[in-house]
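Peer 1: Fold the following and give me the result.
(one chain, ligands or ions: 2)
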Amino acid sequence: MSIIVEHVCKNFGDFQALHNINLEIKTGTLVALLGPSGSGKSTLLRTIAGLETPDIGNIIINGQNTTHLDVRQRNIGFVFQHYALFKHLTVRQNIAFGLEIRKKSRNFIKHRVEELLALIQLEGLGNRYPAQLSGGQRQRVALARALAVQPEVLLLDEPFGALDAKVRQELRSWLRHLHDEVHITSVFVTHDQEEAMAVADEIVVMNNGKIEQVGTPADIYDRPATPFVMNFIGAVNVVPPHISLVAEHTTEVLPHPVFIRPHDIEISALANPQNTPARIQRITHLGWEVQVDLILADHHQLVVHLSREKFTKLHLKKGQQVFIKPKRGYRGDTCEVLLDKASAYSA
Ligand code: ADP
Ligand code: MG
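Peer 2: Ligands and ions are numbered 1, 2, ... in the order given. Next up, the predicted model:
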């Protein structure tokens, strides 16, 4: 079921929470709405669900204009951050809830609940109560309950937001696998760029009630459309244009800074007239990556990320002088790629 959001505006009093949102979500895709807190993600999700009515614009689900349809008339499953499980019902009874209301046969319900318990990998726990489950297990039950009635669209608002990092990560890949099995058109709200990148087919980046960019995780990371997206999706160095690191690698005289990702800077221990000298201020081990904080001759600071393997090979030490060269940079105004030594990537 495709979802089309057409010219949607939503105000709360005189505050404009959504400004002219246009978006098409293709059937069977898993889309993330990503943005900082207050950017309008939940308002957009709630508008798609029918929990909010847009002031202007339409929501079209599978060709039908649902803008003024009641929530109950839209076939939508919803999962929120805070587990909305019924405490006094067992896991089985929670999953069966929507089916009981729809007066499905006892046999059908029994079969469907077992199927869902298998899908969420909680086969043995059907008779437990929510209080006897971990947070991650509870969210899986909430998801099964939402899926029980076979909704056409699944909406998830920060479903893993209340869980700790490790469980979040497990549930992320679990949700991705689940979606690959069920293929239900799903919209997933998160403020965590890593989560959006790990889970979604497409990411919708929001800021101040507007869409900044829509694209695949790779698109958004490699070809950010705006400085906001550049900064929001991953770390970036903002380098003034007069700095030789940039000036020596472009023929243009730039009036604005250049964005360089920390892994797009090549670092060498050997002097090379084409490279910019810098001194290592700090070395931080970040698991498989190492962060090297550098200071240039004019006191400008830069962050470089390199693999552990590369780091070990270079024998880098705090205080050491090194020589650096940008592999790729983006214009600070338009985010167009300014310098791209693609060959450096194959090295
Ligand atoms: P997000 O989910 O991206 O954090 P929301 O969509 O919840 O953002 O909110 C966007 C903005 O709209 C926020 O500034 C929020 O305070 C405001 N807002 C959301 N819901 C209401 C409401 N019911 N009444 C007034 N303001 C609201
Ligand atoms: Mg929200």
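Peer 1: Now for the nearest residue to Asn237 once chain neighbours are set aside: which residues touch it?
Peer 2: Distance criterion Cβ to Cβ, 6 or more residues apart in numbering; nearest residue to Asn237, sequence neighbours excluded, is Ile260 at 4.6 Å. Glycine gets a C-beta too; all of them are placed from N, C-alpha and C. Taking Cβ atoms under 8 Å, 6 or more residues apart in numbering as the contact definition, Ile260 lies against Val236, Asn237, Val239, Leu245, Val246, Leu302, Pro326, Arg328, Gly329, Tyr330.
Peer 1: Which helix or strand contains the spatially most central residue of the chain?
Peer 2: The residue lying closest to the centre of the chain (Cα atoms, centre = their mean) is Ala196, at 1.9 Å. Per DSSP states H and E, Ala196 falls inside helix 193-199.
Peer 1: still on that earlier bit, and which of the contacts of Ile260 is nearest Gln169?
Peer 2: Of all the contacts of Ile260, Gln169 sits closest to Val236, with 23.7 Å by Cβ to Cβ.
Peer 1: Retrieve the pLDDT associated with the closest residue to the closest one other than its chain neighbours.
Peer 2: Spatial nearest neighbour of Val236, chain neighbours left out: Phe259 (4.9 Å); criterion: Cβ to Cβ, 6+ apart. Note on Phe259: pLDDT of 93.
Peer 1: Phe259 belongs to a strand, doesn't it?
Peer 2: Yes: read with DSSP: H, G, I helix; E, B strand; the rest coil, Phe259 is one of the residues of a strand.
Peer 1: Would you confirm that it contacts Met230?
Peer 2: Yes: the pair Phe259 / Met230 is scored as a contact, 5.2 Å apart, by Cβ atoms under 8 Å.
Peer 1: Quick check: neighbours shared by these two?
Peer 2: With Cβ under 8 Å, 6+ apart, Phe259 and Met230 have common neighbours Val236, Tyr330, Cys335.
Peer 1: Using CSV, lay out those residues together with neighbour count and distance to ligand 1.
Peer 2: Output for these, formatted as CSV (neighbours: other Cβ atoms under 10 Å; distance: Cβ to the nearest ligand atom, whole Å):
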residue, neighbour count, distance to ligand 1
Val236, 20, 22
Tyr330, 24, 26
Cys335, 18, 22
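Peer 1: Report all helices and strands that the helix holding Ala196 contacts.
Peer 2: Helix 193-199 sits against strand 30-34, helix 165-182, strand 185-190, helix 217-222, with contacts defined as 3 or more Cβ pairs under 8 Å, 6 or more residues apart in numbering; DSSP states H and E.
Peer 1: what's the least confident stretch among those?
Peer 2: Across these, the lowest-scoring stretch is helix 165-182, with a mean of 87.
Peer 1: Now render the shared contacts of Phe259 and Met230 as TSV, adding secondary structure and distance to His315.
Peer 2: Shown next, in TSV, are the shared contacts of Phe259 and Met230 (DSSP: H, G, I helix; E, B strand; the rest coil; distance: Cβ to Cβ, whole Å):
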residue	secondary structure	distance to His315
Val236	coil	27
Tyr330	strand	31
Cys335	coil	35
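Peer 1: can I get those in TSV with distance to Gln291?
Peer 2: Formatted as TSV, these follow (distance: Cβ to Cβ, whole Å):
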residue	distance to Gln291
Val236	13
Tyr330	20
Cys335	23
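Peer 1: and Gly28, what does it touch?
Peer 2: Here Gly28 is in contact with His183, Ile184, Thr185 (Cβ under 8 Å, 6+ apart).
Peer 1: Give the rounded mean pLDDT of stretch 111-131.
Peer 2: 93.
Peer 1: That one: end-to-end distance?
Peer 2: End-to-end span of stretch 111-131 (Cα to Cα, to the nearest Å): 25 Å.
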